[in-house]
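K.L.:
Let me see the structure of the following:
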Amino acid sequence: MVHVPNALTISRLVAIVPLMFLLLVDFPYHDQIAATVFVLFSLTDTMDGQIARRYGSVSDLGKFLDPLVDKLFVLSVLIVLVQEGLVAAWVVVVIFARELLITLLRTVAASQGRVIAAAPLGKTKTVAQVGAVVLLILQRPYPEVGLPAALVVAVALVLTVSSGVDFLWRWRGVLAGATRSTGPVAVPSGGAPGAESPVDPLARELGGVLKDGGHTLALAESCTGGLVGALITDQPGSSAYFLGGVVTYGDKAKRDLLGVSAEMLSRHGAVSAEVAEAMASGARTRFGSTLAAAVTGIAGPESDGTSKPVGMTYIAIASDAKVESHEYNFSGDRWSNRRQAAGETLRLLIQALRVPAAEDVKAS
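P.N.:
Residues are numbered from 1 along each chain as shown. This next block holds a predicted model:
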């Protein structure tokens, strides 16, 4: 079955060649025809998104392909207009630089298993660029359009730069994650046939420590949504020490599955040290494990009506000796905050197992 939104996106890509032909070959009304074709195919950019959202056919391919084709469609025409002397080359350089930077950002995100969709301001920028291109084309047969074209080009440039800055700010966690990474970024494979997810080095180390010490582990996750469990079970043989986990996203689940009291949730809030510790203790009791970890936080992008900031996260570790929680304030987008929380949970579990062992060796 043809995926209509993606087909519309690809149609813009196919239209580039005849559009360039119309701009370069001189015959009556070729500029007017080129402007009309450009507008018609630009409208498919709005149509594909609306169809995808209305019929629930949004795909990762569409999220990646749509903004990429938009760039190629507009830039190819602008390059021809530079050749024809209808627009300054530096204008195209500014637009191209912005698009290249965002494309590189998407590439980094893809290496982390993430797909960055187009932002609202980016769409506004595209509309402005389309309007500028149409006027630039029409100024050749209609010289009086020259001044309006220059004004719209100026607006398009402002939106190009501001949307680029907005994009980088929105997804700053992608670059932060790339600079902080000390090993392969593990993205849970989801059990796809034949797929082998790269095992997070921390998950591999944790597995070795648990197995060597004869320990078992249980998890209670809220904001991470099962990501910690996915990272742990990507390690072959993890069934020897990982008993299971629960994703208690809502307060009711925390009460019913982990025994967190309603009074505690009301007094301290779901994102608190007290609730994190109660979640860890509840998971350890329910699964009968020697060790348990719990994660609760505000991943973003909004703070869910609380006064606590986005990124605030509490991770608790429960063992035979004690129950201890740690507070974090991560700075990044939703995925980055969740990924950092999962990594810190693995790190705290390793620390909880290694410190007592080191103390025993010192005592002996």
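K.L.:
Domain ranges for this structure, per the record?
P.N.:
4-180, 201-363 (automatic domain parsing).
K.L.:
can I get those in JSON lines with mean pLDDT and mean neighbour count?
P.N.:
Yep, even glycine has a C-beta here, placed from its N, CA and C like the rest. Formatted as JSON lines, the domains of the chain follow (pLDDT from 0 to 100; neighbours: other CB atoms under 10 Å):
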{"stretch": "domain 4-180", "mean pLDDT": "83", "mean neighbour count": "17"}
{"stretch": "domain 201-363", "mean pLDDT": "90", "mean neighbour count": "19"}
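K.L.:
what ranges do the helices span in the chain?
P.N.:
Counting by DSSP state H, the chain has helices at residues 4-14, 16-24, 30-54, 60-83, 89-111, 120-138, 146-170, 172-180, 201-213, 227-233, 251-258, 262-268, 273-287, 334-363.
K.L.:
what would the ones you listed look like in a markdown table with distance to residue 326?
P.N.:
Shown next, in a markdown table, are those (distance: least, CB to CB, whole Å):
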| stretch | distance to residue 326 |
| --- | --- |
| helix 4-14 | 44 |
| helix 16-24 | 53 |
| helix 30-54 | 40 |
| helix 60-83 | 34 |
| helix 89-111 | 28 |
| helix 120-138 | 36 |
| helix 146-170 | 28 |
| helix 172-180 | 18 |
| helix 201-213 | 15 |
| helix 227-233 | 14 |
| helix 251-258 | 19 |
| helix 262-268 | 16 |
| helix 273-287 | 8 |
| helix 334-363 | 6 |
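K.L.:
who wins for proximity to residue 220 among those helices?
P.N.:
helix 273-287 (3.9 Å; CB to CB).
K.L.:
tilt between that closest one and helix 251-258?
P.N.:
Angle of helix 273-287 versus helix 251-258, following axes from the mean of the first three to the mean of the last three CA atoms, to 10 degrees, is 40 degrees.
K.L.:
what's helix 273-287 packed up against?
P.N.:
Applying 3 or more CB pairs under 8 Å, 6 or more residues apart in numbering; DSSP states H and E, one finds that helix 273-287 contacts strand 217-221, strand 242-247, helix 251-258, helix 262-268, strand 291-297, strand 312-318, strand 323-329.
K.L.:
try 6 Å
P.N.:
If you count contacts as 3 or more CB pairs under 6 Å, 6 or more residues apart in numbering; DSSP states H and E, helix 273-287 packs onto strand 217-221, helix 262-268, strand 291-297, strand 312-318, strand 323-329.
K.L.:
Now tabulate those in a markdown table and tack on distance to residue 201.
P.N.:
Below are the helices and strands packed on helix 273-287 laid out as a markdown table (distance: least, CB to CB, whole Å):
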| stretch | distance to residue 201 |
| --- | --- |
| strand 217-221 | 17 |
| helix 262-268 | 34 |
| strand 291-297 | 18 |
| strand 312-318 | 19 |
| strand 323-329 | 20 |
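K.L.:
Nearest approach to residue 40 belongs to which of those?
P.N.:
So among the helices and strands packed on helix 273-287, strand 291-297 is nearest, using CB to CB, at 47.6 Å.
K.L.:
what's next to that closest one, contact-wise?
P.N.:
215, 217-224, 270-271, 275-276, 279-280, 283-284, 312-319, 341, 345, 349 (CB atoms under 6 Å, 6 or more residues apart in numbering).
K.L.:
now for the helices and strands packed on helix 273-287, which one comes closest to residue 239?
P.N.:
strand 217-221 (11.1 Å).
K.L.:
Show me how far that closest one is from its chain's centre.
P.N.:
Here the centre of strand 217-221 is set off from its chain's centre by 25 Å, with CA atoms, centre = their mean, to the nearest Å.
K.L.:
Pull up the pairing partners for that strand, direction included.
P.N.:
Using DSSP bridges, strand 217-221 pairs in its sheet with strand 242-247 (parallel), strand 291-297 (parallel).
K.L.:
if we compare those, which one ends up closest to residue 156?
P.N.:
When those are compared (using CB to CB), the closest one is strand 291-297, at 39.9 Å.
K.L.:
Would you mind telling me which of the helices of the chain is nearest residue 307?
P.N.:
helix 262-268 (12.8 Å).
K.L.:
Quick one: distance of that closest one to the chain centre.
P.N.:
That offset, for helix 262-268, works out to 32 Å (CA atoms, centre = their mean).
K.L.:
So which elements touch that helix?
P.N.:
Against helix 262-268 (3+ CB pairs under 6 Å, 6+ apart) you get helix 273-287.
K.L.:
now with 7 Å?
P.N.:
helix 251-258, helix 273-287 (3 or more CB pairs under 7 Å, 6 or more residues apart in numbering; DSSP states H and E).
K.L.:
Redo the ones you listed as CSV? Include distance to residue 237.
P.N.:
Formatted as CSV, the helices and strands packed on helix 262-268 follow (distance: least, CB to CB, whole Å):
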stretch, distance to residue 237
helix 251-258, 27
helix 273-287, 18
